[in-house]
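[1] any chance you could fold what I've pasted below:
(one chain, ligands or ions: 1)
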Amino acid sequence: MQEFDATDHQHVRYNPLKDEWVLVSPHRCKRPWSGQTEQPPEEQAPDPNNPLRAGAVRANGKKNPIYTSTYVFPNDFPALLERVPEPPASTNPLFVSSQARGTCRVMCFHPDSSMTIPLMSVEEIMAVIEEWINQLKELGRRYTWVQIFENKGAVMGCSNPHPHCQIWASSFLPNEPRVKDRCQRAYYEKHEKAMLVAYVEQELLKKERIVLQNNEWVALVPYWASWPYETMLLPLKGHPQRMTDLNDDQKMALAEIMKQLNTKYDNLFNCSFPYSMGWHGAPTGPDAKPGDSPHWLFHGVYLPPLLRSATVKKFMVGYEMLAQPQRDLTPEQAAEKLRQCDHLVHYRNKK
Ligand SMILES: O=C1CCN([C@@H]2O[C@H](COP(=O)(O)O)[C@@H](O)[C@H]2O)C(=O)N1
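    From the prediction side, this is the model:
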């Protein structure tokens with residue numbers, strides 16, 4: 001039997017953050033592609049009447065102000081409402097329901113519909129981060145979980161190319177953060193150290209999956225990544241447990257590394273790189289206090305669908321839905337391809 005080679009031989013990798021496994025099949029990279037190709041992303045020309053624009057009239061007749069930076073408004077079609085009756089107590093363990101209260105907001109990053117994070121200035125991205133923190137402070141007092149998430153690109157079901165994200169706050173702790181809370185707590189109780197603090201230390205030593213790094217942050221393809229070019233943003237200092245713990249240096253450096261990571265992403269296939277991204281930190285709520293969740297390390301997650309070009313995406317279907325995530329390109333190969341992309345000059349600005 002040959003010596004194992006992780007760039008050639010299939011293997012499964014464990015994700016300790018979610019207690020699940022990923023199948024890695026590097027030998028498959030060579031297979032010909034004759035499947036579906038996505039429409040070339042014609043950079044979604046912004047709709048002049050788009051309801052997120054400064055001054056636009058939205059579906060419910062409300063008029064947006066002529067905002068000049070970020071702008072937050074209640075989602076007109078919210079999935080969660082603040083006041084709602086509680087379902088009856090469950091009597092049968094097979095049919096359990098529970099109350100779900102919350103609120104949904106839309107946050108525009110910039111008044112210009114053609115703007116995207118890599119094209120925005122560091123100062124403009126700082127304004128986005130500051131507003132995220134304002135929202136977390138306000139909603140985190142009332143709700144156990146505040147999920148900031150950005151769906152970018154039509155291929156991610158984003159209904160509007162105007163630069164924006166959504167913020168859904170809930171009275172319940174959703175599945176993803178609940179699993180991460182459980183796994184990080186178990187690790188902390190066993191090792192008396194936060195899992196992701198230990199993980200970052202190891203990744204900085206191994207250097208195999210690092211994409212970008214500055215004084216305060218590292219962007220890397222996690223060892224257990226499921227999506228081809230999935231990355232995490234992790235803080236290097238101060239062990240922030242929530243975005244609200246960030247100091248000014250961390251916020252500025254976060255804006256810088258977000259701009260550079262997204263520039264790399266767009267330069268990978270010379271397109272406005274689609275993704276869903278979001279932030280995970282310690283749960284919030286009326287009893288939450290700074291420092292109360294040492295098992296947590298605040299971090300960002302980018303989940304981009306593209307696989308081998310601007311028009312070929314990875315489908316998380318079949319095996320991934322019924323068995324477990326599977327990838328051909330290894331996390332190390334993805335990190336290497338991203339390291340090779342320019343992080344300073346966006347393809348739109350190349351001469
Ligand atoms: O007039 C409008 C249009 C869109 N929206 C909301 O904007 C959100 C757009 O976000 P997505 O593109 O990520 O779906 C979407 O959730 C939609 O409900 C309004 O609240 N009012």
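
[2] got the contact list for Thr284?
    Counting by C-beta atoms under 8 Å, 6 or more residues apart in numbering, Thr284 touches 136, 139-141, 143-146, 242. For glycine as for every other residue, the C-beta is placed from the backbone atoms N, C-alpha and C.

[3] so how far is Trp296 from it?
    When C-beta to C-beta, to the nearest Å is applied, the distance between Thr284 and Trp296 equals 11 Å.

[4] quick one: residues contacting Asp287.
    When contacts are taken as C-beta under 8 Å, 6+ apart, Asp287 is in contact with no other residue.

[5] same check on Arg348?
    Arg348 makes contact with 119, 266, according to C-beta under 8 Å, 6+ apart.

[6] go on, Phe73?
    Neighbour list for Phe73: 58, 62, 64, 105-106 [criterion: C-beta under 8 Å, 6+ apart].

[7] mind redoing it with 6 Å?
    Going by C-beta atoms under 6 Å, 6 or more residues apart in numbering, Phe73 touches Val106.

[8] what bridges to it?
    Here Phe73 sits in beta bridges with Val106, as judged by DSSP bridges.

[9] what ranges does the stretch 1-150 of the chain have for its strands?
    Using DSSP state E, counting those that start in this stretch, the strands found in the stretch 1-150 of the chain span residues 11-15, 20-24, 71-74, 102-108, 145-152.

[10] restrict the last one to CA atoms and write it as CSV.
    C-alpha atoms of strand 145-152 as CSV (Å, rounded to 0.1, in the frame of the first residue of the first chain):
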residue,chain,number,x,y,z
TRP,A,145,-29.2,35.2,19.5
VAL,A,146,-28.6,37.9,16.9
GLN,A,147,-27.6,36.5,13.5
ILE,A,148,-25.9,38.9,11.1
PHE,A,149,-25.8,37.3,7.7
GLU,A,150,-25.1,38.6,4.2
ASN,A,151,-26.4,36.7,1.1
LYS,A,152,-24.4,38.0,-1.8
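
[11] show me what that strand is packed up against.
    helix 122-142, strand 164-170, strand 275-280 (3 or more C-beta pairs under 6 Å, 6 or more residues apart in numbering; DSSP states H and E).

[12] tabulate the ones you listed in TSV, adding columns for mean neighbour count, mean pLDDT and distance to the ligand.
    Converted to TSV, these look like this (neighbours: other C-beta atoms under 10 Å; pLDDT from 0 to 100; distance: least, C-beta to the nearest ligand atom, whole Å):
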stretch	mean neighbour count	mean pLDDT	distance to the ligand
helix 122-142	18	98	15
strand 164-170	21	98	5
strand 275-280	21	98	9
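
[13] any idea how far the closest residue in space to Tyr187 that isn't next to it in sequence is from Asp19?
    For Tyr187, ignoring the flanking residues on the chain, the nearest one in space by C-beta to C-beta, 6 or more residues apart in numbering is Met195 at 3.9 Å. Summarising the geometry, the distance separating Met195 from Asp19, computed by C-beta to C-beta, is 11 Å.

[14] thanks again, I'm all set now.
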